[in-house]
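no sequence on this one, just coordinates:
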């Protein structure tokens, strides 16, 4: 059983909105800090947003703050990323991941497992 499965990625125009979903199967989802990362062509995987399980505190990278919103539905075991006012530089493969409990919550190396990714392309 694949623990995390992303969906919702597609090609959109500049300024449009998109919502990504991440379906989780792990039993501990409601007690997992979850995050979205993205990886553009030829770039390293970069932090986008996170949501803590303890109190739903959210954090965002500066490049998406004010445009993206991370949320979760524990009953549905689903993580979301609402993306508004999309820009060409948002083009990337988007991944969801669960915090492994050790290290910075802003670093990809602190997360496992990962989903397979969903491609978002913003066309101008």
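Everything's here; your move. What you are looking at is a predicted structure, and each value in this text was computed from that prediction instead of being measured.

flag the shaky bits of the chain, pLDDT-wise.
The model of the chain has pLDDT under 70 over residues 1-2.

for the spatially most central residue of it, give me its contacts.
Centroid-nearest residue in the chain: residue 36, 2.1 Å away (criterion: C-alpha atoms, centre = their mean). Residues near residue 36 by C-beta atoms under 8 Å, 6 or more residues apart in numbering: 20, 22, 48-50, 70, 79, 81, 94-97. Every residue, glycine included, has its C-beta placed from N, CA and C.

please redo it, this time with the cut-off set to 7 Å
48-49, 70, 81, 94, 96 (C-beta atoms under 7 Å, 6 or more residues apart in numbering).

right, and the helix or strand after the helix or strand hosting it?
Assigned by DSSP states H and E, residue 36 falls within strand 34-39. Next helix or strand after strand 34-39 toward the C-terminus (DSSP H and E): strand 46-51.

list the contacts of that next one.
By C-beta under 7 Å, 6+ apart, the residues outside strand 46-51 that reach it are 33-39, 58-61, 64, 68, 70-72, 81, 105-106.

looks to me like residue 30 is in a helix.
Yes - using DSSP: H, G, I helix; E, B strand; the rest coil, the assignment for residue 30 is a helix.

could you measure from it over to residue 71?
14 Å (C-beta to C-beta, to the nearest Å).

ok, residue 11 next?
Taking C-beta to C-beta as the measure, residue 11 falls 24 Å from residue 71.
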